[in-house]
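*Asks:* Provided below are the primary sequence and the corresponding predicted coordinates.
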2 protein chains.
Amino acid sequence: MDETRGPKVTHKSFLYKTQLAWLENRSGTLSGEQKPSMRVSSPPEFKGEAGVWSPEELFVGAVDTCTMTTFLAFAKRLQIPLVSYSSVAEGVLEFSDGGYKFTKVILRPTILVSSPEAVEQARSTFHDAHGSCLITNSIHAEVVVEPSILVKT
Amino acid sequence: MDETRGPKVTHKSFLYKTQLAWLENRSGTLSGEQKPSMRVSSPPEFKGEAGVWSPEELFVGAVDTCTMTTFLAFAKRLQIPLVSYSSVAEGVLEFSDGGYKFTKVILRPTILVSSPEAVEQARSTFHDAHGSCLITNSIHAEVVVEPSILVKT
């Protein structure tokens, strides 16, 4: 055994499954085990249906949600006095290198904390969470974050 | 003007927006304009809630849905006699290069056509759609496809 090495850390793998069934035109039903099924479609500009989730929006929503849940995990561990977290996310789909792809996702979270001392801690924790988000780690698009950290008055 | 060049093709850019609000623990509400809101959470293995959509599943579902809608667009243009399309997708989340990320997404669609002559056309069209899927183009994970093309008897 190499005594200079630390203990071996083993990491688990995880599987995530979804099911999909075509209904009509460019629309279908997306489902997952014990989850509410949702109608999905191409967005209207790609001849799909308005008012239902498109793969484009699921993609943007996945990035924003993963960033939030990662922040929530870190904030809890650090006991940051979090009051609220809301976010608006925007994905930019562009033609690049011969095909359409998301080149950028912009996240604009508004994070409310209960004490002025927590503002900088929340800001640095948010940037750590952004760097650790497993969806951000899985995509080519640049994820730009523009957080607003406010104190509840 | 360079006469050796063909006509200039311009490609539009598109924006996709979502909103997110924290509710409690690792859960929140994901919404989009004129879309049904959905409860989202970390998956249970990351201290979240069972029975609701996680960013991991939204990511996998986005890949599968985009591949299907791209296939539907191509199949319609080529007048492939499509009877049904259903798919099961699986994303592999692994620790790699210092962080968790999706390293692979496996799509297993079952595509039913109404004539034996359409089988090979559906197969090659599915592979074209896979190559053109804008979500697949946007991610690092390898997307593996294992289609079953069947004739309705």
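*Replies:* Good, I have the coordinates.
*Asks:* now do the end-to-end distance for stretch A:22-30.
*Replies:* Looking at stretch A:22-30, the gap from its leading to its trailing residue is 9 Å under the measure CA to CA, to the nearest Å.
*Asks:* buried set for it?
*Replies:* Within stretch A:22-30, the residues that qualify as buried by neighbour count (16 or more other CB atoms under 10 Å in any protein chain shown) are A:Trp22, A:Arg26, A:Ser27, A:Gly28, A:Leu30. (C-beta placed from N, C-alpha, C; glycine too.)
*Asks:* now stretch A:97-115
*Replies:* Buried residues in stretch A:97-115 (16+ other CB under 10 Å): A:Tyr100, A:Lys101, A:Phe102, A:Thr103, A:Val105, A:Ile106, A:Leu107, A:Pro109, A:Ile111, A:Leu112, A:Val113.
*Asks:* for the residues you listed, which one is nearest B:Ala62?
*Replies:* B:Ala62 lies nearest to A:Phe102 out of the buried residues of stretch A:97-115, by CB to CB, at 10.2 Å.
*Asks:* going by residue numbers, what spans are helices in chain A?
*Replies:* A:55-77, A:118-132 (DSSP state H).
*Asks:* picking that back up, return the member of the buried residues of stretch A:22-30 nearest to B:Phe59.
*Replies:* Nearest to B:Phe59 among the buried residues of stretch A:22-30: A:Leu30, at 12.1 Å, using CB to CB.
*Asks:* which residues touch that closest one?
*Replies:* Contacts of A:Leu30 were listed using CB atoms under 8 Å, 6 or more residues apart in numbering or on different chains, and they are A:Thr18, A:Gln19, A:Leu20, A:Ser37, A:Met38, A:Arg39, A:Val40, A:Trp53, B:Gly61, B:Asp64, B:Thr65.
*Asks:* hmm, 6 Å instead?
*Replies:* Shown here is A:Leu30, whose contacts under the criterion CB atoms under 6 Å, 6 or more residues apart in numbering or on different chains are A:Leu20, A:Met38, A:Val40, B:Gly61, B:Thr65.
*Asks:* now do it against B:Ala118, distance only.
*Replies:* Taken as CB to CB, to the nearest Å, the spacing of A:Leu30 relative to B:Ala118 amounts to 26 Å.
*Asks:* with adjacent residues omitted, what lies nearest to A:Ser37?
*Replies:* A:Ser31 (4.0 Å; CB to CB, 6 or more residues apart in numbering or on different chains).
*Asks:* read off the pLDDT value for the one you found.
*Replies:* A:Ser31 carries a pLDDT value of 98.
*Asks:* wait, it sits on A:Gln19?
*Replies:* Yes. With contact taken as CB atoms under 6 Å, A:Ser31 and A:Gln19 are classed as touching, separated by 4.8 Å.
*Asks:* how much space between the spatially most central residue of chain A and chain B?
*Replies:* Among the residues of chain A, the one closest to the centroid is A:Val63, at 2.1 Å (CA atoms, centre = their mean). Spatial separation of A:Val63 from chain B under the definition CB to the nearest CB, to the nearest Å is 8 Å.
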